[in-house]
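1. Okay, here's the prediction I keep looking at, along with the sequence it came from:
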Amino acid sequence: MAPMKLYGWAVSPWMARVLVCLEEAGAEYELVPMSRSGGDHRQPEHLARNPFGEIPVLEDGDLTLYQSRAIARHILRKYKPELLRSDNLQESAMVDVWVDVDAHQLEPIIRPVVFNVIIKPFTGSDCDQDLVDESIEKLKKTLEVYEARLSTSKYLAGDFVSLADLTHFSFMRYFMATQYAEVVEAYPHVKAWWEALLARPSVKKVMAGMPPDFGFGSGNIP
């Protein structure tokens with residue numbers, strides 16, 4: 001069977017979410033690099049894969065998928081269902097809860113910090129410091145919930161690593177490259193959880209392709 005194809009640029013946090021799952025699963029795949037600056041994602045051939053003109057896109061035989069969390073779930077269902085805890089109703093429900101917490105609570109808070117602090121200075125745009133400050137205050141409240149949860153279990157869904165943890169890596173990688181990383185480090189259980197994620201071989205491999213400045217500093221932007 002031909003390897004799966006993953007379309008996109010490796011520095012993207014949404015791509016990273018999928019790449020980490022592919023590496024955790026030990027799946028055979030081909031990374032098909034695209035150029036965001038070149039507008040590859042707006043070309044007809046890519047719009048045929050994803051009508052929203054976004055990345056990542058996964059081709060698995062005659063199945064074409066977009067949306068990073070949906071792709072991640074497909075990969076793990078196929079190759080490593082234990083990371084979804086599929087055989088345990090209660091544990092799989094907790095995995096789903098914390099995947100959604102990342103999607104609806106944490107990511108919307110740290111994403112504007114990442115864009116304003118890292119990307120905007122390289123694109124000639126002004127940092128919206130008021131938005132950053134507001135986001136950091138929201139983050140502190142949100143991390144109190146994470147700290148409470150991680151004080152009772154090593155990982156978010158329980159005492160086992162799962163998609164609930166892996167899905168957090170992508171945007172946190174960039175947030176932790178900002179001067180606001182100390183906010184996370186102030187919560188000892190959250191800090192320990194993050195360090196455990198960073199120690200995973202899959203995370204190390206994917207992170208190697210994610211320069212903290214998205215490649216702007218070196219000019220190697222996709």
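-> Thanks, I have it.
2. Let me see the ranges of the helices in the chain.
-> Along the chain, counting by DSSP state H, helices occupy 13-25, 44-47, 68-79, 89-101, 107-114, 120-123, 129-150, 163-175, 181-185, 188-198, 201-207.
3. And the contacts of the longest one?
-> The list of residues contacting helix 129-150 from outside it, by CB atoms under 8 Å, 6 or more residues apart in numbering, reads 105-106, 109-110, 112-113, 116-117, 156, 180, 183-184, 187-190, 192-193. Using the backbone N, CA and C atoms, a C-beta is placed for each residue, glycine as well.
4. Let's see that with 7 Å instead.
-> For helix 129-150, the surrounding residues in contact (CB atoms under 7 Å, 6 or more residues apart in numbering) are 105-106, 109-110, 112-113, 116-117, 156, 180, 183-184, 187, 189-190, 193.
5. could you measure the residue lying closest to Met1 once chain neighbours are set aside against Ile55, distance?
-> Nearest non-adjacent residue to Met1, counting by CB to CB, 6 or more residues apart in numbering: Gly61, 7.2 Å away. Applying CB to CB, to the nearest Å, one obtains 20 Å for the distance of Gly61 from Ile55.
6. out of those two, which sits in the more crowded spot?
-> Ile55 (24 against 8; other CB atoms under 10 Å).
7. tell me the contacts of that one?
-> Tyr7, Gly8, Trp9, Ser12, Trp14, Met15, Met34, His41.
8. Is there a quick ChimeraX command that grabs whichever of the residues you listed are buried?
-> In ChimeraX, this line selects whichever of the contacts of Ile55 come out buried by 16 or more other CB atoms under 10 Å:
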select :7,8,9,12,14,15,34,41
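9. right, and out of the contacts of Ile55, which lies closest to Arg69?
-> Proximity of the contacts of Ile55 to Arg69 was ranked by CB to CB; the top entry is Trp14 with 9.0 Å.
10. in this protein, which segments are predicted with low confidence?
-> 218-221 (pLDDT under 70).
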